[in-house]
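**Student:** quick one, what's the 3D model for this:
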Amino acid sequence: MATIDIARPHTLTKEEAKKRAEELAKGMQEKLGIVWNWVGDVIEFKVPSGAAKGAEGKVRVSDRDVRVEVDLPFMLKMMKGAVESKIQEKLKDLL
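**Tutor:** Numbering: from 1, shown residues only. A predicted model of the protein is given here:
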């Protein structure tokens with residue numbers, strides 16, 4: 001079960017929503033060193049090193065919403081609120 005599970009509706013085409021989700025993943029790759037790839041309409045990611053080491057999750061893109069699921073490692077669970085807020089902010093900017 002995901003530690004964080006956030007869905008945000010959008011009015012974009014699915015392809016545009018996927019394009020924006022990919023832009024977000026590329027930004028996280030640069031900032032946090034995530035490793036990610038597309039599996040259908042889902043970006044699967046993990047963080048192999050750095051401050052967020054051990055975090056992993058998925059970004060699911062549908063016709064109606066973008067859903068972010070993140071499993072935080074034990075040491076980051078105390079920062080869950082801050083991480084959720086940052087995800088909400090990024091999704092708002094993205095969509």
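
**Student:** the closest residue to residue 50 other than its chain neighbours: neighbour count?
**Tutor:** Closest residue to residue 50 apart from its sequence neighbours, by Cβ to Cβ, 6 or more residues apart in numbering: residue 33 at 4.9 Å. The way it works is simple: take the backbone N, C-alpha and C, and place the C-beta from them, glycine included. Residue 33 is flanked by 14 other residues according to other Cβ atoms under 10 Å.

**Student:** now do residue 9
**Tutor:** For residue 9, the neighbour count with other Cβ under 10 Å is 10.

**Student:** which ones are touching the nearest residue to it once chain neighbours are set aside?
**Tutor:** Setting aside the residues directly before and after it, residue 9 is nearest to residue 65 in space (Cβ to Cβ, 6+ apart), at 4.7 Å. Contacts for residue 65 were tallied using Cβ atoms under 8 Å, 6 or more residues apart in numbering; they are 7-10.

**Student:** which sections of the chain are below the confidence cut-off?
**Tutor:** Residue ranges of the chain with pLDDT under 70: 1-2.

**Student:** what's the helix of greatest length in it in contact with?
**Tutor:** For the chain, the helix with the greatest residue count under DSSP state H is helix 14-32. With contact meaning Cβ under 8 Å, 6+ apart, helix 14-32 is reached by 10, 12, 34-36, 38, 41, 43, 45, 47, 50-52, 59, 61-63, 66, 90, 94-95.

**Student:** what segments of the chain are helices?
**Tutor:** 14-32, 80-94.

**Student:** number of nearby residues for residue 77?
**Tutor:** Using other Cβ under 10 Å, residue 77 has 12 neighbouring residues.

**Student:** actually residue 49, sorry about that
**Tutor:** 10.

**Student:** now do the one 5 residues further on
**Tutor:** Around residue 54 sit 15 other residues, with neighbours defined as other Cβ under 10 Å.

**Student:** residue contacts, the residue lying closest to it once chain neighbours are set aside?
**Tutor:** Distances taken as Cβ to Cβ, 6+ apart put residue 73 closest to residue 54, at 3.3 Å, once the chain neighbours are dropped. Counting by Cβ under 8 Å, 6+ apart, residue 73 makes contact with 53-55.

**Student:** okay then, goodbye and thanks.
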